[in-house]
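K.L.:
structure of the sequence below:
(2 chains)
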Amino acid sequence: MTTPAAPDLVRLEAVTKRFGTAAPPALDAVSGQIRGGEITGLVGPDGAGKTTLIRLMTGLMRPDGGSVQVLGFDTGRQAARIHGAIGYMPQRFGLYEDLSVAENLTLYADLRGLPKPDRPAVFDQLLTFTDLKRFTARLAGRLSGGMKQKLGLACALLRKPRLLLLDEPSVGVDPISRRDLWAMVEELTRDGIGVVWSTAYLDEAEACDRVLLLNQGKLLFAGLPADLTARVAGRVFKLAGGSGQRRRVLAAALEQDGVVDGVVQGEAVRLVLAPAEDEAALAGRIAGEGHRIAPTEPRFEDAFVDLLGGGPGGRSALAESATPLPTDDGAPVIEARGLTKRFGDFTAADDITFAIPRGQIFGLLGPNGAGKSTTFKMLCGLLKPTSGEGRVAGFDLRHAGAKARNRLGYMAQKFSLYGDLSVAQNLAFFAGVYGLSRRRRRERSQLMVEIFDLGPHLGMSAKDLPLGLKQRLALACAVLHEPEALFLDEPTSGVDPITRREFWSHINGLVEKGVTVLVTTHFMDEAEYCDRISLIYRGRSVALGSPDELKAAVATADAPDPTMEDAFVALVRRSEEAAAA
Amino acid sequence: MSPAAPSPAAPSPATGRMRRFAALVVKESTQVVRDPSSILIALVLPMILLFLFGYGVSLDATRTRIGVVMEAATPVIRDLAASFQASRYFEVELGHDRRQFEDRLILGEVRGIVVIPAQFAAEGAGRGAPTIQVIVDGSEPNTASFVENYAQGVVSRWAQMRMTDVTGGLAGQPAIAVEQRFWFNPELASRNFLVPGSIAIVMTLVGTLLTALVVAREWERGTMEAMMATPVTAAELLAGKILPYFLLGLASMTVCVLAAVFVFAVPFRGSVLALYAVSACFLVPALGQGLLISAATKNQFLASQLALFSGFLPSFLLSGFLFEISSMPEIIQYLTLIVPARYLIPCLQSVFLAGDIWAMFLPHMAVMLLIGAVLFVLAARNMRKRIA
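P.N.:
Numbering: from 1, shown residues only, chains lettered A, B, ... in the order given. Here you go, the predicted structure:
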């Protein structure tokens, strides 16, 4: 812990940064402090200004207004002094992939001026700390995502910094490595190091000692996460008992007065209510007949959405406009039978099997590089399986790939739109690709523009759209041809919670109309929306079941209510033990 | 735990700087050795270019097929036609009507038509230059002017011979003989000056293209950002890039020279010292240009395009490598003054074909260093330790 006399490591005073004069500022008069001996979470969705703020603290950027003081130095004039005393891990892996682990360490030891006699001890300590000892000769490019981040951390720690700046250290890292990383950083704070950990994951925010919550360049909150969560204390409830109806229950609840926010959580629905004199009574009224409602622990995300003025309503104009699909036959719409893909001697996907009945959401959950996207691409017919088969809407992808693809809508990771085409041109292009008739093309495009409120942006280039609008446009393009199966690849990664809720309202609505959805995600909370999940780890399906089943499987007396991530970590460990036995 | 033992007093600034510089050089060299694309650009591409220029391109006057039309068969005309046939530059087909050849000229089967008019004899020798007509295909200007010039040469040489005959000189011995002697490259083999020239092109590739690419790559891969947040200064970063690629450029030049001498049998009449001196001076602007490009763009694609357009093409087109600077339009001639390769190529050609001419090398080296200095100042100004 810091002594009370210790000055703040970082002082931000009305920091403003603009990129281009037309765009809104990336950071708008942000003030705050970073203290030693603590993990300060820099929290916010993509585009909130997290990276910009960290770069300002490193002195690699200058603010347009206000001042940034780091360790008592002004970043504008004394950047060199700062560089000697901080550790910085940029968002992208900043180490040399064609150098080995040991070579990277040596390079950074030289650059940071670590005296030669100290090296063996320091290297040994850091390699033990990061558990990389076995890999010193391996090229950094050959490390897994988690190991890369650990090596980055080791390099940033070579000369014990007073301030450690970590820009989204947990992106692309599997949950187990993420926990390791977090534990390491926590240990550092005990030595008095100040850590800035930026993240878009709100569960990480909850674990920080202190947070700076950013949204669209504005500081929404600074302080203890518990203080933010306190604002929704007593207003968060779990609504259960509407078995199999949770999507409908949620949609209906969100339309009611007094409901600020709601999400699906396994079989239950999680609701945040507006402040009222008697919240319990309000909850009872909202629950109505046949549902159990009980108060539950508030989370950071509940408070964040509340702070933003509440989530969107539960209605989806998209779903309302959709023609219901027949639900008679029980045949699965998407089916994977022993799908296997090998690249050389590397097995990217190993014997993946599942079937998704009509009107269900199925999730492939796993860290980056686990084999989700490979499985996904085989099912879209973009990649030929080494063995096994995939079927979509009854068509075998090996023989009738084109027919199958016409029945499915695909939303790629990072919304693969044509950045240089305008919104209208993107819509027209995708309508053309799916072979819509001239009349239908016009009708559907018009409808999408109305539903997603794209009217004011029709002439804008897709690449200039804010992230939320990009995501809407990508969804619009994927459902233009009314597909009966939707493939969503990391659909809401990095978007703000409001946009994410809006997105899932549409998906939930479509599913109610009989659309079948396959979604990949590394985002544990997103898995809660799925009817069933396959946990993918190192190319294999480790477990398959509904979110509640998976969580129940790992519940213990100590932890009766595990999170999805707890379940993931425990199930992976279990399967590794089984393999070892 | 404490991740790093509290270290004793920091090294003095000077040793710190040297150590960082050494670390960057080692890192860069390791990457060059491991990265197949660096080796490709530095060693394989030069060999390909050298072989291309050494074997593929030849600017030599070879036997060119032309049609010679004798509109009448007088002895004088026949004598002149025989002179054409005797020329080692032409392969002559004789005819009596130009229409015989017109179609074939269009098809490109003959490169020109020389018409010796019927009245040629009447005009006779002695009263000014006899008039013949040369028809060439203007769409191929190089060949056209070649045919035109050599045809003229044949005629004037023939006329001189005739003159001597008429004025009663020794038979077959012209009064004024022009004896041609080509210094330094007596065989006039174009390979002998193309190969030294292509070494300049190769060094432009290594110096400018490779340097521009490797810095842009650091931006793209995010390594630059991590690097910049360490105590490294912008000058150290620049210097750490320059030294390895400077040496790589010289290595690549050495390989080319060895190939030139031992594979292409290009003579080497100068000294090794001069070779390395002029090459080293050339690498200064080449590297400076590469660094300037990479400071201006952080994207490998753009960097390679810029390097090709501002480095490779000018070295190729405006350096006197393929095209004589003296025959360029005046304004372009001024433009060539800022192309560093323009100063290197004559030096290299001298080192190979003539020997050390320091009186020419020194001013050329000075100009290259001057251009290099300007580029380095510009690069250092643009390469601040800032992201935006």
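
K.L.:
contacts, neighbours, all on C-alpha from now
P.N.:
Fine.

K.L.:
contact partners of the helix or strand where A:Tyr410 lies?
P.N.:
Assessed by DSSP states H and E, A:Tyr410 sits inside strand A:408-411. Residues outside strand A:408-411 that contact it (CA atoms under 8 Å, 6 or more residues apart in numbering or on different chains) are A:392, A:474-475, A:478-479, A:481-489, A:491.

K.L.:
tell me which parts of the stretch 101-250 of chain B are close to chain A?
P.N.:
B:221-233 (CA under 8 Å from any CA of the partner chain).

K.L.:
just the CA trace of the strand holding A:Tyr410, in PDB.
P.N.:
This file holds the C-alpha atoms of strand A:408-411, laid out as PDB (Å, rounded to 0.1, in the frame of the first residue of the first chain):
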ATOM      1  CA  LEU A 408     -27.400 -18.600 -44.300                       C
ATOM      2  CA  GLY A 409     -26.400 -15.100 -43.300                       C
ATOM      3  CA  TYR A 410     -22.800 -14.500 -42.200                       C
ATOM      4  CA  MET A 411     -21.500 -11.700 -40.100                       C
END
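
K.L.:
buried sites along the next helix or strand after it?
P.N.:
Next in sequence after strand A:408-411, counting helices and strands by DSSP H and E, comes helix A:423-433. When burial is assessed from 16 or more other CA atoms under 10 Å in any protein chain shown, helix A:423-433 yields the following buried residues: A:423-431.

K.L.:
repeat that for stretch A:454-464.
P.N.:
Residues of stretch A:454-464 classed as buried by neighbour count (16+ other CA under 10 Å): A:454, A:457-458, A:460-462.

K.L.:
kindly report the same for stretch B:131-144.
P.N.:
Going by neighbour count (16+ other CA under 10 Å), the buried part of stretch B:131-144 is B:131, B:134-137, B:143-144.

K.L.:
now swap in stretch B:213-221 and tell me
P.N.:
Buried residues in stretch B:213-221, counting neighbours by 16+ other CA under 10 Å, are found at B:213-219, B:221.

K.L.:
of those, just say which sits nearest to chain A.
P.N.:
B:Arg221 (7.0 Å; CA to the nearest CA).

K.L.:
ok so, going back, tabulate the buried residues of helix A:423-433 (CSV), appending distance to A:Val263.
P.N.:
Formatted as CSV, these follow (distance: CA to CA, whole Å):
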residue, distance to A:Val263
A:Val423, 29
A:Ala424, 32
A:Gln425, 34
A:Asn426, 31
A:Leu427, 30
A:Ala428, 33
A:Phe429, 34
A:Phe430, 31
A:Ala431, 32
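
K.L.:
tell me which two in the buried residues of stretch A:454-464 are the farthest apart.
P.N.:
A:Leu454 and A:Ser461 (12.2 Å; CA to CA).

K.L.:
what sits in contact with each of the two?
P.N.:
Common neighbours of A:Leu454 and A:Ser461, using CA under 8 Å, 6+ apart, are A:Val423.

K.L.:
just the strands in the stretch 251-400 of chain A please.
P.N.:
Assigned by DSSP state E, counting those that start in this stretch, the stretch 251-400 of chain A shows strands spanning A:259-265, A:268-273, A:292-295, A:334-343, A:346-356, A:361-365, A:387-392, A:395-396.

K.L.:
in TSV: these, plus mean neighbour count.
P.N.:
Shown next, in TSV, are these (neighbours: other CA atoms under 10 Å in any protein chain shown):
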stretch	mean neighbour count
strand A:259-265	25
strand A:268-273	26
strand A:292-295	18
strand A:334-343	20
strand A:346-356	19
strand A:361-365	26
strand A:387-392	21
strand A:395-396	18
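
K.L.:
low-confidence ranges in chain B?
P.N.:
B:1-13, B:56-62, B:121-130, B:164-190, B:384-388 (pLDDT under 70).

K.L.:
do you know how far the residue of chain A found nearest chain B is from B:Arg221?
P.N.:
At 4.1 Å from chain B, A:Gly94 is the closest residue in chain A, using CA to the nearest CA. Counting by CA to CA, to the nearest Å, the gap between A:Gly94 and B:Arg221 amounts to 7 Å.

K.L.:
can you give me phi and psi for the residue of chain A positioned farthest from its centre?
P.N.:
Going by CA atoms, centre = their mean, the residue of chain A most distant from its centre is A:Pro117, 43.0 Å out. A:Pro117 adopts backbone torsions of phi -60, psi -30, taken as degrees, to the nearest 10.

K.L.:
what residue lies at the spatial centre of chain A?
P.N.:
Most central in chain A (CA atoms, centre = their mean) works out to A:Ser493, at 3.9 Å.

K.L.:
next up, the contacts around residue 278.
P.N.:
In the absence of a named chain, this looks at chain A. Applying CA under 8 Å, 6+ apart to A:Asp278 gives no contacts.

K.L.:
meant chain B actually
P.N.:
B:344, B:347-348, B:361, B:365.

K.L.:
pull out the buried positions in the strand or helix carrying it.
P.N.:
Per DSSP H and E, B:Val278 falls inside helix B:272-296. Residues of helix B:272-296 classed as buried: B:274-275, B:278-296 (neighbour count, 16+ other CA under 10 Å).

K.L.:
filter the contacts of strand A:408-411 down to the ones in strands?
P.N.:
A:392, A:485-489 (DSSP state E).

K.L.:
backbone phi and psi for residue 298, please?
P.N.:
You didn't pick a chain, so chain A it is. The phi and psi torsions at A:Pro298 (degrees, to the nearest 10) take the values phi -70, psi 150.

K.L.:
I figured it hits A:Asp227, correct?
P.N.:
No: A:Pro298 is beyond contact range of A:Asp227, at 11.3 Å (criterion: CA atoms under 8 Å).
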